[in-house]
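Chemist: Can you look at this prediction? I've put the sequence above it.
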Amino acid sequence: SQQGEEDPQALSIQEGENATMNCSYKTSINNLQWYRQNSGRGLVHLILIRSNEREKHSGRLRVTLDTSKKSSSLLITASRAADTASYFCATDAMDSNYQLIWGAGTKLIIKP
Amino acid sequence: ETGVTQSPTHLIKTRGQQVTLRCSSQSGHNTVSWYQQALGQGPQFIFQYYREEENGRGNFPPRFSGLQFPNYSSELNVNALELDDSALYLCASSDLREETQYFGPGTRLLVL
């Protein structure tokens, strides 16, 4: 079963706008990661945030984590056409022995 | 490019047949995880191998089995294929001490 739930399931915005995706999970975690997947191919790691962190930045990406609400958000600023992809959150649960448990993803479309 | 390769890229089998998928890990990584991703869904953890031993298993039946070799490459074997086994199969290599996983491009399996 899936640990995370991404919201929204799909998002379509104009190039240059900001895109925000949310992820909720069920159990206590060591960390939460965001990955990107283009056209049903391999996943690319974007950013990892640990359970004791609240916010992290990487280039145009900003991730927040609220462990009390068991939720995370991924913000992509100044979106580009190349950001069109599916975005997944994955959690490394405390009792999971390094296994990642994934949500169903948000499909992001950037319109030129 | 993650340095993780998978073969074949596509495969068509019929129900009841057996299939072997292969994965070469990124240099220096001692852990391989396998995932099944159905169309429109997030990856589902199948199992993980660390130094040739199974290190965790998801909710998949015994007809899904694996191997990891001394060079840390890996195989996923699926016996008695069912139509629902049609999916993208992803392998990811990592160092067990690190949380980030590096994914290959996947093998798309179609069972008819």
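Modeler: Done, it's in. Residues are numbered from 1 along each chain as shown, chains lettered A, B, ... in the order given.
Chemist: Could you use CA atoms for every contact and neighbour count after this?
Modeler: Fine.
Chemist: Quick check: residues of chain B near chain A?
Modeler: Contact residues, chain B versus chain A (C-alpha under 8 Å from any C-alpha of the partner chain): B:40-45, B:48, B:55-56, B:88, B:90, B:96, B:99-106.
Chemist: for chain B, where's the lowest mean pLDDT among helices and strands?
Modeler: Lowest by mean pLDDT, DSSP states H and E among the helices and strands of chain B is strand B:53-57, with a mean of 90.
Chemist: same deal with chain A?
Modeler: Here the helix or strand of chain A ranked lowest by mean pLDDT, DSSP H and E is strand A:5-7, holding a mean of 82.
Chemist: Quick check: which helices or strands does it pack against?
Modeler: strand A:19-24 (3 or more C-alpha pairs under 8 Å, 6 or more residues apart in numbering or on different chains; DSSP states H and E).
Chemist: so where's chain A uncertain?
Modeler: Scanning chain A for pLDDT under 70 picks out A:1-4, A:40, A:94-98.
Chemist: just the strands in it please.
Modeler: With DSSP state E, the ranges of strands along chain A come out as A:5-7, A:10-14, A:19-24, A:29-37, A:43-50, A:55-58, A:61-66, A:71-76, A:85-93, A:100-102, A:106-111.
Chemist: ok, now chain B?
Modeler: Going by DSSP E, chain B shows strands at B:5-7, B:10-13, B:19-24, B:31-37, B:44-50, B:53-57, B:64-68, B:74-78, B:87-94, B:102-103, B:107-111.
Chemist: Can you pull the poorly scored residue ranges out of chain B?
Modeler: Checking chain B against pLDDT under 70 turns up B:1.
Chemist: Tell me what the residue most central in space within it is bridged to.
Modeler: Nearest residue to the geometric centre of chain B (C-alpha atoms, centre = their mean): residue B:34, 3.3 Å. Assessed by DSSP bridges, residue B:34 has beta-bridge partners residue B:47, residue B:91.
Chemist: just checking, it touches residue B:91?
Modeler: Yes - using C-alpha atoms under 8 Å, residue B:34 makes contact with residue B:91 at a distance of 4.5 Å.
Chemist: What number of residues are in the vicinity of the residue nearest to residue B:8 when sequence neighbours are not counted?
Modeler: Among residues not flanking residue B:8 along the chain, residue B:107 sits closest, at 6.0 Å (C-alpha to C-alpha, 6 or more residues apart in numbering or on different chains). For residue B:107, the tally of surrounding residues (other C-alpha atoms under 10 Å in any protein chain shown) stands at 24.
Chemist: how close does the closest residue to residue A:89 other than its chain neighbours get to residue A:28?
Modeler: Nearest residue to residue A:89, sequence neighbours excluded (C-alpha to C-alpha, 6+ apart): residue A:34, at 4.5 Å. Spatial separation of residue A:34 from residue A:28 under the definition C-alpha to C-alpha, to the nearest Å is 17 Å.
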